[in-house]
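>>> I need the structure of the sequence given here:
(2 chains)
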Number of protein chains: 2
Amino acid sequence: MTATVAQALSHAESALPSTLDALRKLAQIPGISADPAPNAELAKSAANVAAWMTRIGLERVEVLELPGVHPYVYGEWLHAPGAPTVLLYAHHDVQPPGRPTHWKSPAFEPAERDGRLYGRGVVDDKAGAAIHFAAVEAYLKNGGLPLNVKIVIDGEEEIGSEHLEEFLAAYRERLDADVIVLTDTANLAAGLPSITYALRGIVVADVELRGLDHPLHSGMWGGPIPDPAMAMCKLLASLVDDHGRLAIPGIYEQVQPLRDVDRARLAQLPYEEAAFRKDAGLLDGVAMSGEPGFNTYELSWHRPSLTISALEAAPLKGASNQIVDSARARIGIRTVPNMVGSEVADSLCAHLKAHTPWGMQLTTKVRGSGGWWTTTPEGPAFSACERALKSGFGVEPVYIGCGGSIPFVEPFARVLGGVPALLVGLEDPICNAHSENESLLISDFQKAIASAIHLYDELSRLPR
Amino acid sequence: MTATVAQALSHAESALPSTLDALRKLAQIPGISADPAPNAELAKSAANVAAWMTRIGLERVEVLELPGVHPYVYGEWLHAPGAPTVLLYAHHDVQPPGRPTHWKSPAFEPAERDGRLYGRGVVDDKAGAAIHFAAVEAYLKNGGLPLNVKIVIDGEEEIGSEHLEEFLAAYRERLDADVIVLTDTANLAAGLPSITYALRGIVVADVELRGLDHPLHSGMWGGPIPDPAMAMCKLLASLVDDHGRLAIPGIYEQVQPLRDVDRARLAQLPYEEAAFRKDAGLLDGVAMSGEPGFNTYELSWHRPSLTISALEAAPLKGASNQIVDSARARIGIRTVPNMVGSEVADSLCAHLKAHTPWGMQLTTKVRGSGGWWTTTPEGPAFSACERALKSGFGVEPVYIGCGGSIPFVEPFARVLGGVPALLVGLEDPICNAHSENESLLISDFQKAIASAIHLYDELSRLPR
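Reported below is the predicted structural model:
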C-alpha cells in the first residue's frame, strides 16, 4: 500500500518542525572527521543518524564500522518488488568550525535567524541527510514507498572518503542500485534548483621546508643565513603566474578543453559579476583572478586552480626577532578531465623540488587525491530529476558544474556499473560551507524535501 | 677603604655558587616584555633585581616606574670622591619562550647540563646583570669600590626599549657618567672576549593582506577568486632577490661602505665556514645566503638584511580546503650606517603597496625602529677594557660588530654627551638567545665576573 505523492507532501509539510528539530539536534554534535578515528563525537553523530533512520521506519539500520574508519551509516526499505532501487547518499561528518570568534552564534548551537539556520554542518551535509529522511518518512508513515530505497550516510566525506574503496569492497552487493541520488551539492542561486553534472577533483599536499635545526636571532644571523619563511614564500609564489594560472610545467597538457555544447550551456546561465563578488565576499578593489579568456563558471568548474589552504611559519602573537627554522604549507590543486591525480602530484613535487631556494630540506607529503567526475546529463533519470525539481521548487532547473570534489561519486558510480548519478543539493552562494557562519536556507530545505518526494515517485517509473 | 683587586677576585670566586643561585632564582621569573604592561611577572622580576642590588650594598635602589612602561631598576654607590663614575647597563626582561616542546628542560626552570645553565633569559640578559652585581659585591663586601657606580637594569630591552626617551628625560641627571659599560653582547667564540663597536638597527613592520570578508571553499571558488595566502607569498617574495639581497628600491643608497680599516679588521678575525654552519644549526645541503662579494662578518654586522619573523594564514592543524580571507606577516629589516629608520620604513611600505597582487587590501603597521650604532674603538677606556678582558679571560680580546640591535646604546651615549660606551657580553655562538634551549656557558660567566672586577679597577684610573 504505497502512499500517494499528495499524502507524502502533506505529511512532510506538517512534519517540518519536527524534521528541523531533528536536524538541529544532529547539528549539535561536532562530528569533525579531520579529528582522528576512533572519534567519540562521530560515533555519537552516527548513532543519532541511525536512530533517526530507525524512527522513520527504515530497516536493517547499521553503523558500518571498519577499524580506523569514521562510521558510515546504512539503512534500507526494500518492499517494492519489481520497482527500481534508488541509493541515497549524504554525509554526517563536518568540517572543523574555524575561528570561534568569527561565529555570530556558536558553531554547534544551531540558531535560526532571518529564515536561515546557522551552525557547522547544517547545510554541508546534515540537511542532505535530513532531506532523504523527511521524504522517506513522508511515504513510510503513509503506507510505503513506490520504489526500493537504500541510504548511505558517509562519515568521512570531508576528509575525502578515504576508506571508500575498502567500504565498497566490504559492502558492494548490499549497495546495488539502479540509480544514485546524492544530496551534497549547490544550487546556482537560492531558489534555483540545480543538477550538478561535473565535479572537480583535488590533489592535496603538505609542504615543509627546513633550513635550520632551531630558530636563530635575526640580528645575529640575518644576512648569511637564509630565511626558511622567505624560501617558502618564493617557492609557493612560483606555483602560479600573476593571473593565478598554474605555472607547474605540463599541468595543462592533460586538461581537456570544454565541448562547445558545454560552453554554450555555461553562457546561458545567469551571471552578474557584482552579485558573484558580493556572494564571495570579495572586498572592494580586489580584482578577480584566473586565466584570461575563460568565463567565471568555466574557471570555477572546468579549469584547474591552486590554493594555499594553510600557511604557517611562526605566529605573530609573541613573535620574536627570529629566523624561523622551518615553514609549512598545505596546497590544494583542483583537477578537471582528463588530469590524472597521481601525475598532477608528481608534477607538483617535481616543481617544488626544482624551485626550492637555498637548497632547503623539502618534504612533500601528498595527503590524498580525489578524482574529478563528469557525466552526460541525458536519459530518463535526468528527465525525472528535472520534473521533480520543477515540481518542488516551481522553477525550471539548470545544469551546473561544481568546483568542489565529492570523492564518493566517481568510484561509486563506477563500481555500480555506471548507473545514473543525480547530484542535487542545497548549498547556495551565501551558505558559507567550510567557513564560519555556515547556514541553511530553510525555505529551500522545504522545497528540496518536496522535490525528493516527487523524485522517488518519478524514479519508480524508471525503465529497468 | 677600597678593596683590592685580589680581595675582590677571591671574594667573587668563593661567592660563585651563591651568585649562580641568585641568577637561577631570577631566571625562574617569566618577565616577558612582549606581554603588555602592567605585567605582574616583570614587576616580580624588577623586585627580585632590586632586592639583589640592596643585598650587595648598593644604595638608592629604586624600581623606576613610568605609567604603561615595564619597570627599569636603578641602584648606585657614589663613595669614591674624585674617581670617575661608570654607568653599568643590562636588562632583566626576556623574550617569549617559543615552543615548549622544543625545550629540553622547561624554559623557566633553569637547569645545569655539561657546564651550561639552560633557561630563558639566563644569557640574554640576566647573566649581564649578574656579572655587574657579582663584581660590585666583591668590592663592597671587602671595603668599597675604586670608582663610583650607577647601575640601570632595563625592563623593556626585548621590545626595543621603546620608552627610553621618556626614561632619559625623567632621569637624565641621575644617570650622568664618565663611561658606560653594557653587558648584553656576544663573544665571537666561547672563551674569546670580544668588544662590540657596531650594532645594526632594526625596522619592524606587520603586514596584513585581506581579500575576502570570510574564508571560502577552495573548490566552489578557486579559480576566479584570488588567494590571499598566495598574494602574501608573492608580495613577500618580491622583497629580496635570489641571494637574499633586499630588492626594495633605494634601500642601498644610504648604506655606507665599510672603511678599509674596518674591513681589514674583519679579515683578521678567525672564521671557519664549517664551524659557522654548525653554530647556526644550518642543515646539510642548505646554502648560505647574502649579497655576493661580502664576507660573513660583513654580511652579519655591516650590511642590511631582511627576515620574515612571523607568517600565518591558516594553521595546518584542522585546515579545511579553504581560500583564507587574509594573511599576516612580520618583517624585520636590519639597518646599518647611514640608513634612516623612518625612510627605510617608508621605502618598505611603498614597495609593498606597489607589489600587492590582485589589489588586495594592504595594511602595514610599522611597529618600531631602533637605530644602528657605531663608535671608533680607540682611547683610554677601550685600552682599559682590553687589559681587563685579557686579565679575566687570559686571552687577547677582539673587536667585533653585532648584527642585532640594542636600542639603549645609541640614545644613551648621545644623551650622556658621547662618553665611551664599552659593550661586552657573554653570548656565544651556541647560546640560542631568542630561541629555545637558551644557555649560558658557566666558565665564561666566571671569567666575565673577573674581567668586570679588573675593569672597575682599570676605569678608576681613567683620565677625567
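>>> burial count for the residue of the stretch 1-150 of chain A found nearest chain B?
Of all residues in the stretch 1-150 of chain A, the one sitting closest to chain B is residue A:96 (4.1 Å; CB to the nearest CB). From N, CA and C alone the C-beta is placed, and that goes for glycine too. By other CB atoms under 10 Å in any protein chain shown, 18 other residues sit near residue A:96.
>>> what about it, which helix or strand?
Following DSSP states H and E, there is no helix or strand that holds residue A:96.
>>> export stretch A:309-320 as PDB, just CAs?
Extracted as PDB, the C-alpha positions of stretch A:309-320 are listed here (Å, rounded to 0.1, in the frame of the first residue of the first chain):
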ATOM      1  CA  SER A 309      44.800  26.500   2.300                       C
ATOM      2  CA  ALA A 310      47.300  26.600   5.200                       C
ATOM      3  CA  LEU A 311      50.500  28.500   5.700                       C
ATOM      4  CA  GLU A 312      52.500  28.900   8.900                       C
ATOM      5  CA  ALA A 313      56.000  29.800   9.900                       C
ATOM      6  CA  ALA A 314      55.800  31.400  13.300                       C
ATOM      7  CA  PRO A 315      52.600  33.100  14.700                       C
ATOM      8  CA  LEU A 316      52.600  36.900  15.000                       C
ATOM      9  CA  LYS A 317      51.500  36.700  18.600                       C
ATOM     10  CA  GLY A 318      54.600  36.500  20.700                       C
ATOM     11  CA  ALA A 319      56.900  36.500  17.700                       C
ATOM     12  CA  SER A 320      60.500  37.400  18.500                       C
END
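>>> show me what counts as buried in that stretch.
By 16 or more other CB atoms under 10 Å in any protein chain shown, the buried positions in stretch A:309-320 come out as A:309, A:310, A:311, A:312, A:313, A:314, A:319, A:320.
>>> residues contacting the longest helix belonging to chain A, please?
When chain A is parsed with DSSP state H, its longest helix is helix A:5-27. For helix A:5-27, contacts defined as CB atoms under 8 Å, 6 or more residues apart in numbering or on different chains pick out A:3, A:45, A:48-49, A:52, A:92, A:108, A:110, A:117, A:119-122, A:126-127, A:129-130, A:133-135, A:137-139, A:141-143, A:442, A:445-446, A:449-450, A:453-454, A:457.
>>> let me see the mean pLDDT of that helix.
For helix A:5-27, mean pLDDT is 98.
>>> what's the helix or strand just after it packed up against?
Scanning forward in sequence from helix A:5-27 by DSSP H and E, the next helix or strand is helix A:40-55. Other elements packing on helix A:40-55 under the criterion 3 or more CB pairs under 8 Å, 6 or more residues apart in numbering or on different chains; DSSP states H and E are helix A:5-27, strand A:59-64, strand A:72-77, helix A:127-140, strand A:148-154.
>>> re the thing from before, next up, the contacts around the residue of the stretch 1-150 of chain A closest to chain B.
So residue A:96 contacts A:32, A:34, B:318, B:320 (CB under 8 Å, 6+ apart).
>>> return the member of those residues nearest to residue A:298.
Using CB to CB, residue B:320 comes nearest to residue A:298 of these, at 24.8 Å.
>>> correct me, but the closest one touches residue A:309?
Yes. The pair residue B:320 and residue A:309 qualifies as a contact (CB atoms under 8 Å) at a distance of 6.9 Å.
>>> the residue nearest to residue A:4 when sequence neighbours are not counted: neighbour count?
Excluding its sequence neighbours, the residue lying closest to residue A:4 (CB to CB, 6 or more residues apart in numbering or on different chains) is residue A:142, at 7.7 Å. Neighbour count of residue A:142, defined by other CB under 10 Å: 17.
>>> ok, now residue A:292?
Counted with other CB under 10 Å, residue A:292 comes out at 6.
>>> dump the residue contacts of it.
Residue A:292 neighbours (CB under 8 Å, 6+ apart): residue A:243.
>>> and it, which of the three is it?
Following DSSP: H, G, I helix; E, B strand; the rest coil, residue A:292 is assigned to coil.
>>> tell me the residues of the stretch 51-200 of chain A that contact chain B?
Within the stretch 51-200 of chain A, the positions adjacent to chain B are A:95, A:96, A:98, A:102, A:158, A:186, A:200 by CB under 8 Å from any CB of the partner chain.
>>> enumerate every residue touching the closest residue to residue A:381 other than its chain neighbours.
Nearest residue to residue A:381, sequence neighbours excluded (CB to CB, 6+ apart): residue A:420, at 3.7 Å. Going by CB under 8 Å, 6+ apart, residue A:420 touches A:179, A:180, A:375, A:379, A:381, A:382.
>>> contact partners for residue A:177?
So residue A:177 contacts A:85, A:86, A:87, A:150, A:416, A:419 (CB under 8 Å, 6+ apart).
>>> switch to 6 Å and redo it
Shown in contact with residue A:177 (CB atoms under 6 Å, 6 or more residues apart in numbering or on different chains): A:85, A:87.
>>> quick one: it from residue A:118, how far?
34 Å (CB to CB, to the nearest Å).
>>> got it, and residue A:259?
40 Å.
>>> equivalent analysis for residue A:138, please.
26 Å.
>>> that older thread, give me phi/psi at the residue nearest to residue A:381?
When quoted as degrees, to the nearest 10, the phi and psi of residue A:420 stand at phi -60, psi 140.
>>> which parts of the stretch 151-300 of chain A are helices?
All helices of the stretch 151-300 of chain A, identified by DSSP state H, counting those that start in this stretch, fall at A:164-171, A:218-221, A:228-237, A:260-268, A:273-280, A:296-302.
>>> by mean pLDDT, show me the worst of those.
Among the helices of the stretch 151-300 of chain A, helix A:164-171 scores lowest, with a mean of 80.
>>> CA atoms of it as PDB?
Taking Å, rounded to 0.1, in the frame of the first residue of the first chain, the C-alpha atoms of helix A:164-171 are listed here in PDB:
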ATOM      1  CA  LEU A 164      35.700   4.300   0.300                       C
ATOM      2  CA  GLU A 165      37.500   1.600  -1.700                       C
ATOM      3  CA  GLU A 166      37.600  -0.600   1.500                       C
ATOM      4  CA  PHE A 167      34.000   0.300   2.200                       C
ATOM      5  CA  LEU A 168      32.900  -0.700  -1.300                       C
ATOM      6  CA  ALA A 169      34.800  -3.900  -1.200                       C
ATOM      7  CA  ALA A 170      33.100  -4.800   2.100                       C
ATOM      8  CA  TYR A 171      29.600  -3.900   1.100                       C
END
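>>> no further questions, thank you.
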